[in-house]
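[1] give me coordinates for this.
(one chain, ligands or ions: 2)
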Amino acid sequence: MVVVAKNLIKKYKDTMAVNGIEFKVQEKECFGFIGPNGAGKTTTMKMIYCFVPRTSGDLQVLGRDPSIHPELVKANLGVVPQDNNLDEDLNVFTNLTMYANYFDIPKAIARTRAKELLAFVQLTEKEKVKINELSSGMKRRLMIARGLINDPKLLILDEPTVGLDPQARHLIWDRLHELKKQNVSMIITTHYMDEATELCDRIAVMDKGKIMVVGKPKDLIRDHIGEEVVEVMLMDMPAGKLKQDTSGFNVTLEETSQKCYFYCRDCRSLLSHLADKGYKHILRRPATLEDVFLKLTGRDLVD
Ligand SMILES: Nc1ncnc2c1ncn2[C@@H]1O[C@H](COP(=O)(O)OP(=O)(O)OP(=O)(O)O)[C@@H](O)[C@H]1O
Ligand SMILES: [Mg+2]
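    Ligands and ions are numbered 1, 2, ... in the order given. Next comes the predicted model:
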């Protein structure tokens, strides 16, 4: 196991940011945390990468307790925090070599590694450029390169592709898949459900400091939603009428002010029934992790 957490709690003054969570991350696994803003994802990551101490509970990272052996843990961790914290006074290349100093990596090795990593994130052309001359996507790619400077066993990525264009996002996914092949374990948070589905072997859905469910993306979708979703636009029609018209079907239904969502294993018969009843604004599609997320954590914005 690369991480084992038991009854892990983090309290900031009056805020229970992480409220007794339990999870395990296996070697070579990509483990994801998803959940609404303020769910406690970043706080969990920060406890793992020795940035904030836990309030109570057990935590083992790479076989050690981060509050007792932070140096030993950090030596084998790569960290890409949620906010970029590159050194604005240094150029791209020097950001990497200076960072290598923290790990006592000999200068020549650091330079070679920095060159390789810049090529890896396709920033070689920018090596002499100052940080404030990079686009936000380039800064994110540089953060990922920096997280890899010490050849970590475990890479922690807090929203790695936030603000990236589709090309850059796919480049990062490609690179993370490559790292997986090289047996790097990963823990990732993201608000992009397609990203979580693409990258994660297992996912924990967090809300209000708790883990609600853990599982493989496919299993979570199958267990909580089903195979398919039918969306019906209400177009000013009361949801009650639609419910009445479909009462004979054993399907789960969720409504918002604009739409009703039906979750089913095979939606064919429901679809033809709706067509017979004259419903026109209908979409049938495969169920996704986004459906799971919204079902478990609610469709409303709650602060
Ligand atoms: N340094 C801090 N001091 C006090 N409260 C904090 C601190 N950091 C986070 N919190 C609180 O802890 C809770 C969890 O925050 P956290 O950053 O872990 O959420 P998150 O799941 O990463 O959210 P997001 O998706 O917005 O990044 C929130 O209520 C937040 O306000
Ligand atoms: Mg966060």
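
[2] what helix or strand does Leu118 sit in?
    Per DSSP states H and E, Leu118 falls inside helix 107-120.

[3] run through who's touching the next helix or strand after that helix.
    Next in sequence after helix 107-120, counting helices and strands by DSSP H and E, comes helix 136-147. Helix 136-147 is contacted from outside by 78-81, 84, 86, 92, 95-96, 99, 114, 117-118, 120-123, 126, 131, 134, 155-157, 160-165, 168, 171-172, 175, using CB atoms under 8 Å, 6 or more residues apart in numbering. All C-beta spots, glycine's among them, are computed from the backbone N, C-alpha and C.

[4] and those, which of them are buried?
    78-81, 84, 86, 92, 95-96, 99, 114, 117-118, 120-121, 123, 126, 131, 134, 155-157, 160-162, 164, 168, 171-172, 175 (16 or more other CB atoms under 10 Å).

[5] contacts only, for the residue nearest to Thr190 when sequence neighbours are not counted.
    Ranked by CB to CB, 6 or more residues apart in numbering and with sequence neighbours excluded, the top spatial neighbour of Thr190 is Ala196, at 5.3 Å. Shown in contact with Ala196 (CB under 8 Å, 6+ apart): Gly32, Ile34, Ile188, Thr190, Ile203, Pro217, Leu289.

[6] tell me which two of those sit farthest apart.
    Ile188 and Leu289 (13.4 Å; CB to CB).

[7] and whatever residue of the chain ends up closest to ligand 2, how close does it get to Gly32?
    Using CB to the ion, the single residue of the chain nearest to ligand 2 is Thr42, 3.1 Å away. Going from Thr42 to Gly32 by CB to CB, to the nearest Å gives 13 Å.

[8] what is in contact with these two at once?
    Joint contacts of Thr42 and Gly32 (CB under 8 Å, 6+ apart) are Thr189.

[9] give the other helices and strands that the helix or strand hosting Ala204 contacts.
    Assigned by DSSP H and E, Ala204 belongs to strand 202-207. Other helices and strands packing on strand 202-207, by 3 or more CB pairs under 8 Å, 6 or more residues apart in numbering; DSSP states H and E, are strand 15-25, strand 30-34, strand 210-215, helix 217-224, helix 289-297.
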